[in-house]
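Sequence below, structure please.
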Amino acid sequence: MAASSSGETIAALDIGTNSFHLVIAKPVTGGFEVVTRERESVRIGHGGGEMKQLEPDAIERGIACLTRMQKIAQSHNAQIRAVATSAIREARNQDEFVKRARKEAKIQIEVISGVEEARLIHLGALYAIGDHDHPMLLCDIGGGSTEIVLANDDDILLSRSFKLGAIRLTDRFFPSDRLHPSAVSSCRSFVRSTLTILQSEVEEFGFDIAVASSGTAETVARLICAQTGKPAPQTFNRFEFTRSEISQTVKLLAESATISERQQRFKLDPARADIILAGAILLEGIADVYSVDKFMFSDYALREGVLIDTLQRQGRGPKTEVVDAAMRSVRLLADRCDDRPEHAEHVARLACLLFDKLHESLSIGKSNRRLLEAAALLANVGVVISHSKHHLHTYYVVRNSELVGLSDREIEILAQVARYHRKGSPKLEHPEFAALSADDQYIVRALAGLLRVAVGLDRTQDGRVDKLTVNISDKELVIGVSTNDNQDSDLNVYAANERKGLLGEVIGLRVKITSA
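Numbers count the residues shown, from 1 in each chain. Here you go, the predicted structure:
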């Protein structure tokens, strides 16, 4: 992966009401690569209304946590940029905490406004979701506040920070271990009456997609996924869930009379079990008041936004004209792991040429084109582990890398297409392939069939094949190959014919590859 010119590691620390989050990253061309993450539940802020005072024990927990986070950052030679949100922002004695952090933990804290918090969250979410073409409603539910952003690409149209948060609402409406019969309805009414202030402006601007970030949103997404009985995805980034699914989750959470019962029934993190009901009611309220039918979860939020903002201040962050976060992320991984990236780029070009000519005959949607391109670019990243059986290693590398702008399903499909670019074809005896739906199995087979031929067409690894023609009859698919400057194409044609079997099976035709 291409590192930044200076190459130093950077770190962002989100000092939240509920938790402190640290992310350490290495700047790379067009973005960053995460090195490590740390999270501690600190609960520095409490209060059902104004969080006017940081309690002494909370300050001690916070300083101890910051000291540990600083040591982790130092071990990576990273300079921390720390931002504090609502709990510190609203506390009369914030100066005490900020001064002690500077003196004892050697961390300089920026206490940011709600509007600045919203801007940074939007930076992170936009990077992770990777959708620059549709107006977005973004909500981030923290412990002490909730940020609402309406934006079109990187242009923020509206932002608002509400003093509504999972901890703040819990302290006000669910202060004891046992659930009061009227607490849910009281909390719901309060949330909606507060959010309504912004309703007309949201309706005026409008949005095409709704994105939710934060630990509350992720927990709700996990609970919804668990209700389906399906295995949890490896990443919840871009995971979608509906308004009715949120309401059903609130109903199920409210059925537990005590926090311990709720924790055991839903296998919740103890640091989340007491505040998730309030958080889920808040997310439900946002969906109802702003007419959100479906949310998409963003795995990135404030801390990643701080990283991006830091890089942009230094003139080396993601540029606004780079609109496809997914392909940017894919190329960063390819640059780091593939020893012949120019070969992968040319194979991707050939694979996409074949896709453009054959996707209708294969009955696969145009949206699968970028998955094929990504799979082609990443087909050889397994060489970073070993050249032997590198196609198998490729699957592991892709599935265990942090690819943004893609859903877990999309990552699984492109990982399998890359895995099947050589050697054995997809089989139901392979557990990962068998776990796919029938439709996705077909997509993997079709895309892998195209990729195998494209790999063969650059057997010489010098990009000499530059044009392709396709002719389809009742029984035969003929692919004609042209080269630069009439170079010899015999080896490439031979290699492509050796790899045409899967494509022939999927398309149901005899495949023939010839020099044009």
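
which residues of the stretch 51-200 of the chain score low on pLDDT?
Residues of the stretch 51-200 of the chain meeting the criterion pLDDT under 70: 51.

what helices or strands is the biggest helix by length in the chain leaning on?
In the chain, taking DSSP state H as the definition, the longest helix is helix 341-362. Under the contact criterion of 3 or more C-beta pairs under 8 Å, 6 or more residues apart in numbering; DSSP states H and E, helix 341-362 touches helix 325-337, helix 369-378, helix 438-457, strand 465-472, strand 476-483, helix 501-507. In short, each C-beta sits where N, CA and C put it, glycine included.

Over to the most centrally placed residue in the chain. Which of the three states is it?
In the chain, the residue lying closest to the centroid (C-alpha atoms, centre = their mean) is N237, at 3.5 Å. In three-state terms, and counting by DSSP: H, G, I helix; E, B strand; the rest coil, N237 is coil.

for it, phi and psi?
Main-chain dihedrals, N237, degrees, to the nearest 10: phi -60, psi 130.

From R409, how far out is it?
According to C-beta to C-beta, to the nearest Å, N237 stands 11 Å off from R409.

Out of the helices and strands packed on helix 341-362, which gets nearest to K267?
Of all these, helix 438-457 sits nearest to K267, with 27.8 Å by C-beta to C-beta.

all strands of this protein, in order?
Secondary structure of the chain (DSSP state E): strands at 10-15, 19-28, 31-41, 79-84, 109-111, 136-141, 146-152, 155-162, 209-213, 240-242, 294-297, 465-472, 476-483, 510-515.

List the neighbouring strands of the fifth one plus their orientation.
When you say that, I think you mean strand 109-111. With DSSP bridges as the test, strand 109-111 is paired with strand 79-84 (parallel).

mind saving the C-alpha coords of stretch 124-131 as PDB?
What follows is stretch 124-131, C-alpha atoms only, in PDB (Å, rounded to 0.1, in the frame of the first residue of the first chain):
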ATOM      1  CA  GLY A 124     -16.400   9.500   8.800                       C
ATOM      2  CA  ALA A 125     -19.700   8.100   7.700                       C
ATOM      3  CA  LEU A 126     -19.400   9.400   4.200                       C
ATOM      4  CA  TYR A 127     -16.000   7.700   3.900                       C
ATOM      5  CA  ALA A 128     -17.400   4.400   5.100                       C
ATOM      6  CA  ILE A 129     -20.700   4.400   3.200                       C
ATOM      7  CA  GLY A 130     -19.100   5.700   0.000                       C
ATOM      8  CA  ASP A 131     -22.300   7.000  -1.500                       C
END
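
That stretch: how far from the chain's middle?
Distance of stretch 124-131 from the chain centroid (C-alpha atoms, centre = their mean, to the nearest Å) equals 7 Å.

got the contact list for that stretch?
By C-beta atoms under 8 Å, 6 or more residues apart in numbering, the list of residues contacting stretch 124-131 from outside reads 31, 132, 136, 138, 140, 151, 153-154, 209, 211, 213, 237-238, 296, 298-308, 318, 324-326, 329, 404-406.

Check stretch 286-300 too.
Contact with stretch 286-300 is made by 124-125, 127-129, 137-139, 146, 148, 192, 195-196, 198-199, 202-203, 209-213, 217-218, 221, 235-243, 246, 283, 404, as judged by C-beta under 8 Å, 6+ apart.

Let's see the distance spanning it from one end to the other.
By C-alpha to C-alpha, to the nearest Å, the extent of stretch 286-300 from end to end equals 19 Å.

what pLDDT, on average, does it get?
The pLDDT scores in stretch 286-300 average 97.

Tell me which residues of it come out buried.
I286, A287, D288, V289, Y290, V292, F295, M296, F297, S298, D299, Y300 (16 or more other C-beta atoms under 10 Å).

Return the distance of the first one relative to D140.
In this view, I286 and D140 are 10 Å apart by C-beta to C-beta.

Name the residues contacting each of these two.
With C-beta under 8 Å, 6+ apart as the test, I286 and D140 both reach T146, A212.

State the number of residues packed around G504.
By other C-beta atoms under 10 Å, 16 other residues sit near G504.

That one reaches N497, doesn't it?
No - look at G504 against N497 with C-beta atoms under 8 Å: they stay out of range, at 10.5 Å.

Now stretch 201-218 - C-alpha only, CSV.
C-alpha atoms of stretch 201-218 as CSV (Å, rounded to 0.1, in the frame of the first residue of the first chain):
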residue,chain,number,x,y,z
GLU,A,201,-36.5,21.4,7.8
VAL,A,202,-35.8,17.7,7.2
GLU,A,203,-38.9,17.5,5.1
GLU,A,204,-37.9,20.6,3.2
PHE,A,205,-34.4,19.4,2.3
GLY,A,206,-35.4,15.7,1.8
PHE,A,207,-33.0,12.8,1.5
ASP,A,208,-32.5,9.6,-0.4
ILE,A,209,-30.7,7.4,2.1
ALA,A,210,-30.6,7.4,5.9
VAL,A,211,-27.5,6.4,7.7
ALA,A,212,-27.1,5.5,11.4
SER,A,213,-23.8,5.4,13.3
SER,A,214,-22.7,4.8,16.9
GLY,A,215,-22.6,1.9,19.3
THR,A,216,-26.4,2.2,19.9
ALA,A,217,-27.1,1.8,16.1
GLU,A,218,-24.7,-1.1,15.8
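
what ranges of the stretch 351-500 of the chain fall below the confidence cut-off?
The model of the stretch 351-500 of the chain has no residue with pLDDT under 70.

show me what contacts R303?
Counting by C-beta under 8 Å, 6+ apart, R303 makes contact with A12, L13, D14, H21, L22, V23, G124.

And it, how close does it get to V470?
Per C-beta to C-beta, R303 is found 48 Å from V470.

ok, now R313?
Taken as C-beta to C-beta, the span from R313 to V470 is 49 Å.

And these two? Which one has more around it.
Neighbours around R313 and V470, counted as other C-beta under 10 Å, are more numerous at V470. The numbers are 14 against 10.

For that one, which non-adjacent residue is spatially closest?
Closest residue to V470 apart from its sequence neighbours, by C-beta to C-beta, 6 or more residues apart in numbering: K357 at 4.2 Å.
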